[in-house]
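Enquirer: A predicted structure for the sequence below; I have some questions about it.
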Amino acid sequence: MFPDRARRWLYAAAILTIYGLAIMPSDKAPDLGAGDKINHIAAFLFLTLFGRWALRATGRLRLAIGLSFFGALIEATQAIPALNRDASAWDWIADSAAIGVALLPAWPVERLLRRP
């Protein structure tokens, strides 16, 4: 339905949107209402599942490593005092855990879908 190029552009837009939300001042950033870790988990569950759809040729491990580095980049950026954000290694751990949680059930489902 969507050509690969369109999927990649949509995914790039999602990455940029999440990054923008993550670095805006915390009093202006949207919140799911259940705490900061839930925001991180939701964002990285979404990015992982969307990434599997958008970047079909990218392996699971490569996607996981890339997204984990993206989570670290967010935390490094949030450490800039002028942004009025709090950087936390625990947020990066939550991001990485969400990636793993999203990929575990995706693996057998993808295998089943590829079977003739």
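Expert: Noted; the coordinates are in hand.

Enquirer: Which other helices and strands does the helix or strand of the chain with the lowest mean pLDDT contact?
Expert: Within the chain, no helix or strand scores below helix 89-114, which has a mean of 84 by mean pLDDT, DSSP states H and E. Packing contacts for helix 89-114, counted by 3 or more Cβ pairs under 8 Å, 6 or more residues apart in numbering; DSSP states H and E, involve helix 36-54, helix 60-78. C-beta coordinates here come from the backbone N, C-alpha and C atoms, glycine included.

Enquirer: Of those helices, flag the one that's most buried.
Expert: helix 36-54 (a mean of 19; mean count of other Cβ atoms under 10 Å).

Enquirer: May I have it exported as PDB, CA atoms only?
Expert: Only the C-alpha atoms of helix 36-54 are listed here, as PDB (Å, rounded to 0.1, in the frame of the first residue of the first chain):
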ATOM      1  CA  ASP A  36       7.800  10.300  32.700                       C
ATOM      2  CA  LYS A  37       8.800   6.600  32.300                       C
ATOM      3  CA  ILE A  38       5.400   5.800  30.700                       C
ATOM      4  CA  ASN A  39       6.000   8.600  28.200                       C
ATOM      5  CA  HIS A  40       9.400   7.000  27.300                       C
ATOM      6  CA  ILE A  41       8.000   3.500  27.200                       C
ATOM      7  CA  ALA A  42       5.100   4.600  25.000                       C
ATOM      8  CA  ALA A  43       7.400   6.500  22.600                       C
ATOM      9  CA  PHE A  44       9.800   3.700  22.100                       C
ATOM     10  CA  LEU A  45       7.200   1.000  21.800                       C
ATOM     11  CA  PHE A  46       5.700   3.100  19.000                       C
ATOM     12  CA  LEU A  47       9.000   3.800  17.300                       C
ATOM     13  CA  THR A  48      10.000   0.200  17.400                       C
ATOM     14  CA  LEU A  49       6.800  -1.200  16.000                       C
ATOM     15  CA  PHE A  50       6.500   1.600  13.500                       C
ATOM     16  CA  GLY A  51      10.200   1.000  12.600                       C
ATOM     17  CA  ARG A  52       9.600  -2.700  11.900                       C
ATOM     18  CA  TRP A  53       6.800  -1.600   9.500                       C
ATOM     19  CA  ALA A  54       8.600   1.300   7.900                       C
END
